[in-house]
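Asker: What follows is a predicted structure for the sequence shown.
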Amino acid sequence: MEASAHHQHGPMPTAGRALDAMALSATLHCLTGCAIGEVLGMIIGTALGFSALGTIVLAVVLAFMFGYALTSLPLLRAGLALAVVVPIALASDTLSIATMEVVDNLIMLVIPGALDAGVGDLLFWGSLAVALVIAGAVAFPVNRWLLARGRGHAAVHETGIHGGPPTAVVGAVAAIAAAFGTAVLIAELV
C-alpha cells in the first residue's frame with residue numbers, strides 16, 4: 001500500500017470531539033465530491049439549456065460519480081481490488097451524498113431564479129455556493145450518526161487509506177463559499 005495514503009488508526013470513536021472531528025472530515029470529503037459533480041452538472045445543464053429537472057438529474061448523477069470516485073481512487077491505487085472497493089464506497093458515501101443532493105437541489109429550486117440564471121450570473125454561483133454549504137451542514141449529523149454506529153465513512157476508516165484534499169483546505173473553501181454565496185443572495189434581496 002502507498003505509504004502516503006496508509007495510516008494506522010485507533011478504534012473508531014463513538015462520542016465526543018473525536019467523533020465530531022471524524023464526522024467533519026467525512027462530511028468535507030463527501031462535500032468535495034458532491035461539489036465537483038454538482039458544479040459540473042449545473043454548469044453543463046445550464047449551458048446546454050436543459051430544463052431544471054434535466055439539470056438537477058445531471059448534477060445528481062455527477063455528484064454521486066465524483067463522490068464515489070474520490071473514495072475509490074485512493075483505495076484502488078493502494079492495491080485493493082475493485083470488488084472490495086465498490087462496497088466500501090457505497091457504504092461510505094451513499095447516505096451522505098443522497099442527503100447533500102436532496103438538500104442542495106431543494107435549495108436551488110427554492111431560490112428564485114437560481115436555476116434560470118446563467119453560468120455568467122452571480123446569482124447562479126451564489127445560490128450554488130450557499131446550497132452546497134447548507135447541504136454539507138445538514139449531512140454532518142447524518143455522518144456523525146453513521147460513524148457512531150460503525151457505519152458510513154467507518155468503512156473507509158477501517159482500511160486506513162484516505163485520499164482527497166486536506167480537511168482544512170476543504171473547510172476553508174467551504175467558509176469562503178458560504179461568505180460569497182451569502183453576500184450574493186443578500187445583494188439580490190436588496
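Answerer: The structure has been received and is ready for your questions. Residues are numbered from 1 along each chain as shown.
Asker: how many other residues sit next to Leu28?
Answerer: 24 (other CB atoms under 10 Å). (Glycine included, C-beta is placed from N, CA and C.)
Asker: whoops, I mixed them up, Ala69
Answerer: 15.
Asker: Surely it touches Cys30?
Answerer: No: contact criterion CB atoms under 8 Å: Ala69 and Cys30 do not qualify, at 11.9 Å.
Asker: Longest helix of the protein, counting residues only.
Answerer: For the chain, the helix that runs over the most residues, judged by DSSP state H, is helix 16-47.
Asker: Spatially nearest residue to Ile97 (excluding sequence neighbours)?
Answerer: Excluding the flanking residues, the one nearest Ile97 by CB to CB, 6 or more residues apart in numbering is Gly67, at 4.6 Å.
Asker: the inter-axis angle of the helix or strand harbouring that neighbour versus helix 16-47?
Answerer: Gly67 belongs to helix 52-77 when assigned by DSSP states H and E. Going by axes from the mean of the first three to the mean of the last three CA atoms, to 10 degrees, helix 52-77 is angled at 130 degrees with respect to helix 16-47.
Asker: on that earlier part again, OK, contacts around the residue nearest to Ile97?
Answerer: Neighbouring residues of Gly67 by CB atoms under 8 Å, 6 or more residues apart in numbering: Cys30, Gly33, Cys34, Gly37, Asp93, Ser96, Ile97.
Asker: State the next helix or strand along the chain beyond the worst-scoring helix or strand of the chain on mean pLDDT.
Answerer: Within the chain, confidence by mean pLDDT, DSSP states H and E is lowest for helix 154-157 among all helices and strands, at a mean of 80. Counting by DSSP H and E, the next helix or strand C-terminal to helix 154-157 is helix 167-189.
Asker: so where is the protein shaky, pLDDT-wise?
Answerer: Applying pLDDT under 70 to the chain flags the ranges 1-11, 13-14.
Asker: Can you pull up the most central residue in it?
Answerer: Leu31 (1.8 Å; CA atoms, centre = their mean).
Asker: So it versus Ala98, what's the distance?
Answerer: 13 Å (CB to CB, to the nearest Å).
Asker: before we move on, what about Val173?
Answerer: Counting by CB to CB - Val173 and Ala98 are separated by 22 Å.
Asker: I'd like the distance from stretch 26-33 to the chain centre, please.
Answerer: 4 Å (CA atoms, centre = their mean, to the nearest Å).
Asker: could I have it exported to CSV, CA atoms only?
Answerer: Presented in CSV, the C-alpha positions along stretch 26-33 are these (Å, rounded to 0.1, in the frame of the first residue of the first chain):
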residue,chain,number,x,y,z
ALA,A,26,-16.1,12.6,6.4
THR,A,27,-18.6,15.3,5.6
LEU,A,28,-16.0,17.6,4.0
HIS,A,29,-14.6,14.7,2.0
CYS,A,30,-18.1,13.9,0.7
LEU,A,31,-18.8,17.5,0.1
THR,A,32,-15.8,17.7,-2.2
GLY,A,33,-17.0,15.0,-4.5
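Asker: I appreciate the help and will end here.
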